[in-house]
Structure formats: C-alpha cells, structure tokens
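Peer 1: what follows is a predicted structure for the sequence shown.
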Amino acid sequence: MDQIRLIVQIKAGAKRRRDGMCILLPDFYPIRDAPRLPFLREVFIMMRPFSPLRRVLAWIWLAFAAWSSWMGAGLAGWGQAPEPMPALIIDGQNNHGIWPKTTMMIKRYLEETRLFRVDIARTKYTWQGEEWLDKFPIGDGVKRESVKEPKPDPDFRPDFSKYKVVISNLGFGAAEWPEETKSELEKFVFNGGGLVILHAANNSFGEWKAFNRMIGLGGWGGRNEKTGPYVYLNQDEKEVRDTVPGGGGSHGAQHEFQIIIRDPKHPITQGLPRVWLHTQDELYDRLRGPGENMQILATAFSSKDQGGTDRHEPMIMTVGYGKGRVFHTPMGHADYSMECAGFITVLRRGTEWAATGAVTQSDVPKDFPTEDKASRRPFE
C-alpha cells in the first residue's frame, strides 16, 4: 500500500490567514477498505477567521475523526505494507515441455512486485516437462505421476475462492477437468475473480463453452466456426470478425516481432511505448472464439515472410465475464520469450488489473524494449 504523507498546505491562490488550509490524511487503512471510508481522503477545514481557538478545535475534530477511522478499519494495517494478494497458477499438462520452468518464472515475476503471494495447483498426472520437474519442484508434498498421454485428474479441485486471480499455464492437450471444478472456475470469474491466460493456455478446453467465453479467443483444441469468428485487424487497421469456416490457431516461424499498442489509455498499457520489439516467440494467428466483451489492447503484424497471415493479430486482450476480468496474451512460448522485459511488464500489469481492475505499477522499466531493440532479463 502506498502511504500518503501528512501534508498541510495552503489552498492554491488563497491568502494564508484568511481562506484556510487543505489537509490530506495518510491512508491508515488498506486500499481495499477505501470505499467505506471516503471522507478520510481529503478534509478541507475553513479557517475564517484564522483564530487560535478555531484552529485548536479543528485539530481536535480531525484527530477524533482519524481515531474513529483507525478503530473502524483496524490498526493492524497502519504504517505497514498491505498483505500481498493471493494468486494461483494452475499447471501440470502442457505440450510446451518447458512449462515447469515457466511456471516458476511467472511466480517469481509476480512475487517480485510484492503485490502477490503465489501458490501453484498442479494436476496429479503431469504430461511433458519431465526433464524440468526435478529442477523446479513446487514442494507441496504431493506424489505425482508423469504420463505419456494427457490423463484426467479426478481429484483436481483447487479452492479458487481463496484467491484474487488465477493464472493458467496449461497448454494444448491438457486433460479435461471434473465438471465440478469447471463450474467452480466459472463461478469464481463470473462473481468477480480474475483470470490470466498465457500463450498455449488458450489452446486448452476447446469444447468448454464457458471457458471460450472467458478467454475471448483461442486456438487449436477443436475450435472452428462454431466456436466463434476469427478476430483480427486488417491492413487498414480495422477490426474484423470473420465467420468463414476453418480451424482456429496457427503460427509461423519463431522470431522477434513488434508489439503495437492499440489502446494507450488502458491501465495495462498506459505509458508504454506505442511500438516495442518482443523477443523471439511464436506469433499466434487465426485465433477465433466468441470475442464477447473483449477489448484488443495491442497487436502484432503476422508477416507472410514468417509464414503468417499478413494481418494484425491480437497480442494483448481483456475480456469481461460477469463481474470478473480476464487478461489474455498469446505471448510466452518459451523461457526466452518470457525473459522479455516487455512481456514481464505486461504480465505484472495485466495480472494486477485482472485481480483488482486497476494498475498501480505505473513506472516503465528503464530496460523496456524499444521499437527496434528487444530487451531480455536472463532468468537464473
């Protein structure tokens, strides 16, 4: 929680002894409690005339108001950083074998902000990534079994209600969840929870209608015209929703590509360079889905020279689902893709936005990529 120092200042343009002063109180309570204590944000005390008696009475009243608010909000949080928000990464089955490492990368990136405390919920049966599991253990004491083909875990039932946001690091081919678990995720997001979809997580659960609505667009997993239209920006940079028949999801060769911000006013993208170069990655194209309540914040041009579509494909999206918020980026194929300083920044901002609807991380890192130069932070 950012603390606001006690500031006493003369009202702009006012005479010192005749108009008064404006007192900005510190936040003695967590930001989440602010709506029920709005009067503590700013108190304006008229001092006309500016007599010693009036001044003493005003300060007594102010001290009483502050004391009452402390008692109502709880003194435990005064002067301390807020408790990190609980976040949950779900993983265990992903065609991208590097997933045990990228899960730990995501966890560290989020916890470094001090905004999040990140847990991991992993399926009992793990698929792919065997060579990385011992290098990046999660230490939860659960004995797991590596399988050659995706296998459903009938006991996979994370308690989503304990978290502010859920981050999916699943991938293509991830086995279906129990119906009860699917229903619980739907309720979690619909009732105001946050969801983050990274890269191949949009390949999962192609037949799950509510999931397709939550993520907006997806690829592979049996997605086709019945799932929804292709959504992209054409050569004139106009949004197109194409209902032509065809499968969802493809990509050309891995390469560095430019990210173009389409909505510079959104909290996730505000202040970022309009164009920046992302590190080597798969540029997903031909994504399709319901696209309901979806906003495209940034795109990348899928060049035919790289085996692409010759159009601008969505790279940063937000989706509204009931009261919940979904942040979705197709970026993040491998560890070197997630080492991009731009990806890390967007991941942190997008996760905070999904959790709270706001972004406090307004600073742009000094090593943020430029239009023609990518920037990587080696993960060690």
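Peer 2: Sure thing, it's come through. Numbers count the residues shown, from 1 in each chain.

Peer 1: rest of the way, CA atoms for contacts and neighbours
Peer 2: Fine.

Peer 1: Tyr125 is in contact with Pro152, correct?
Peer 2: Yes. With contact defined as C-alpha atoms under 8 Å, Pro152 reaches Tyr125; the gap is 7.4 Å.

Peer 1: what's the average pLDDT for the host helix or strand of Val326?
Peer 2: Assigned by DSSP states H and E, Val326 belongs to strand 324-329. Per-residue pLDDT values across strand 324-329 average out to 98.

Peer 1: still on that earlier bit, which one's more surrounded, Pro152 and Tyr125?
Peer 2: Legend: neighbour count by other C-alpha atoms under 10 Å for Pro152 and Tyr125, higher for Tyr125 (20 against 17).

Peer 1: what residue ranges in this structure score low on pLDDT?
Peer 2: Scanning the chain for pLDDT under 70 picks out the ranges 1-59, 61-81.

Peer 1: Gly139: neighbouring residues, count only.
Peer 2: 7.

Peer 1: so Glu207 is in contact with Asn224, correct?
Peer 2: No. Using C-alpha under 8 Å, Glu207 makes no contact with Asn224, being 10.3 Å away.

Peer 1: which one's more surrounded, the two?
Peer 2: A direct count of neighbours by other C-alpha under 10 Å for Glu207 and Asn224 places Asn224 higher, at 23 against 13.

Peer 1: and the contacts of stretch 95-115?
Peer 2: Identification of contacts with stretch 95-115 by C-alpha atoms under 8 Å, 6 or more residues apart in numbering yields 83-85, 89, 91-92, 116-119, 127-130, 132-133, 136-137, 169, 171-173, 200, 333-335, 338, 344, 348, 352, 379.

Peer 1: drop anything exposed from those.
Peer 2: Among these, those that count as buried by neighbour count (16 or more other C-alpha atoms under 10 Å) are 85, 89, 91-92, 116-119, 127-130, 133, 169, 171-173, 200, 333-335, 338, 344, 348, 352.

Peer 1: now, these that are in helices?
Peer 2: Glu130, Leu133, Asp335, Met338, Ile344, Arg348, Glu352 (DSSP state H).

Peer 1: those: which two are farthest apart?
Peer 2: Greatest spatial distance among these (C-alpha to C-alpha): Glu130 and Glu352, at 30.9 Å.

Peer 1: I'd say Phe188 and Phe160 touch.
Peer 2: Yes. Phe188 is within contact range of Phe160, at 6.5 Å (criterion: C-alpha under 8 Å).

Peer 1: which one's more surrounded, these two?
Peer 2: The residue with more neighbours, out of Phe188 and Phe160, is Phe188; 24 against 18, by other C-alpha under 10 Å.

Peer 1: could you look up the SS state of that one?
Peer 2: helix (DSSP: H, G, I helix; E, B strand; the rest coil).

Peer 1: picking up where we left off before, show me what the strand holding Val326 is packed against.
Peer 2: Under the contact criterion of 3 or more C-alpha pairs under 8 Å, 6 or more residues apart in numbering; DSSP states H and E, strand 324-329 touches helix 179-190, strand 194-198, helix 209-215, strand 311-321, helix 341-356.

Peer 1: list the contacts for the closest residue to Tyr284 other than its chain neighbours?
Peer 2: For Tyr284, ignoring the flanking residues on the chain, the nearest one in space by C-alpha to C-alpha, 6 or more residues apart in numbering is His251 at 4.9 Å. By C-alpha under 8 Å, 6+ apart, the contact set of His251 is Glu282, Leu283, Tyr284, Asp285, Gly307, Gly308.

Peer 1: isn't the fifth one up against Gln254?
Peer 2: No. Under the criterion of C-alpha under 8 Å, Gly307 lies out of contact with Gln254, with a separation of 9.6 Å.

Peer 1: shared neighbours, the two?
Peer 2: By C-alpha under 8 Å, 6+ apart, no residue touches both Gly307 and Gln254.

Peer 1: ok, now which ones touch the residue lying closest to Gly252 once chain neighbours are set aside?
Peer 2: Closest residue in space to Gly252, ignoring its immediate chain neighbours: Gly307 at 4.2 Å, by C-alpha to C-alpha, 6+ apart. Taking C-alpha under 8 Å, 6+ apart, we find Gly307 in contact with His251, Gly252, Ala253.

Peer 1: and the second one, how far is that from Pro267?
Peer 2: Remark: distance between Gly252 and Pro267 (C-alpha to C-alpha, to the nearest Å) = 31 Å.

Peer 1: cool, and the last one?
Peer 2: Distance, Ala253 to Pro267, by C-alpha to C-alpha: 31 Å.

Peer 1: neighbour count for the two, which is higher?
Peer 2: The neighbour count for Ala253 versus Pro267, taken as other C-alpha under 10 Å, is higher for Pro267 (18 against 13).

Peer 1: please name the nearest non-neighbouring residue to the more buried one.
Peer 2: For Pro267, the closest residue by C-alpha to C-alpha, 6+ apart turns out to be Val359, at 5.6 Å.

Peer 1: and that neighbour, helix, strand or coil?
Peer 2: Assignment for Val359 (three-state DSSP): coil.

Peer 1: and the helices and strands packed on strand 324-329: which comes nearest Lys366?
Peer 2: Of these, nearest to Lys366 by C-alpha to C-alpha is helix 341-356, at 9.5 Å.

Peer 1: ok, so of the contacts of Gly307, who is nearest Arg262?
Peer 2: Among those, and counting by C-alpha to C-alpha, the member closest to Arg262 is His251, at 21.4 Å.

Peer 1: list phi and psi for the closest one.
Peer 2: phi -160, psi 160 (degrees, to the nearest 10).

Peer 1: just checking, Thr181 touches Arg157?
Peer 2: Yes. The criterion here is C-alpha under 8 Å, and Thr181 meets it with Arg157 at 5.5 Å.
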